[in-house]
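**Q** Pasting the sequence and the predicted model now:
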Amino acid sequence: MSNMGSRERVFMSPIDLKWTVSELLDWIGADDARCHDERLDGLLSAVERALGSDADRARSTVVLVRSIVARVAAEAALRDLRLDELCDTPRDRGLEAVDAVRLAPVTLVTA
């Protein structure tokens, strides 16, 4: 398969720590591929822990998203929490994960 005539697009994630949990879930829900993007796992794990999950084992991106959605559905006030307000330390907030998603370009090749 030739790449001739293909064009590449590089994009960055718009995730911002000022987003609310609801905004994060809306962004993930807008494109099904995001629900499977393992680069989000660090951030989603941090959000899940901050919302009260006691799960310590590694979980898939889909499971993390579903867990957060279930928690927010059970307690609607959680959806308005900002990502940067959820935890006290940068590691707990998943800052490394946000930076990795925001700074790591993804190249799409379209024919």
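**A** All right, it came through fine.
**Q** for this protein, what spans make up the strands?
**A** Listed in chain order, the strands of the chain (DSSP state E) span residues 7-11, 106-110.
**Q** so where's this structure uncertain?
**A** Where the chain drops to pLDDT under 70, the residues are 1-13, 56, 87-111.
**Q** all helices for the chain, in order.
**A** Taking DSSP state H as the criterion, the chain contains helices spanning 21-29, 41-50, 61-74, 95-103.
**Q** Reformat those as JSON lines; add mean neighbour count and distance to residue 14.
**A** (Glycine included, C-beta is placed from N, CA and C.) Output for the helices of the chain, formatted as JSON lines (neighbours: other CB atoms under 10 Å; distance: least, CB to CB, whole Å):
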{"stretch": "helix 21-29", "mean neighbour count": "17", "distance to residue 14": "7"}
{"stretch": "helix 41-50", "mean neighbour count": "22", "distance to residue 14": "13"}
{"stretch": "helix 61-74", "mean neighbour count": "16", "distance to residue 14": "17"}
{"stretch": "helix 95-103", "mean neighbour count": "17", "distance to residue 14": "8"}
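**Q** since we're on residue 16, how many residues are nearby?
**A** Other residues lying near residue 16 total 14 when counted by other CB atoms under 10 Å.
**Q** backbone phi and psi for it, please?
**A** Here is the backbone geometry of residue 16 (degrees, to the nearest 10): phi -130, psi 140.
**Q** and residue 78, what does it touch?
**A** For residue 78, the residues meeting the contact criterion (CB atoms under 8 Å, 6 or more residues apart in numbering) are 21, 51, 71-72.
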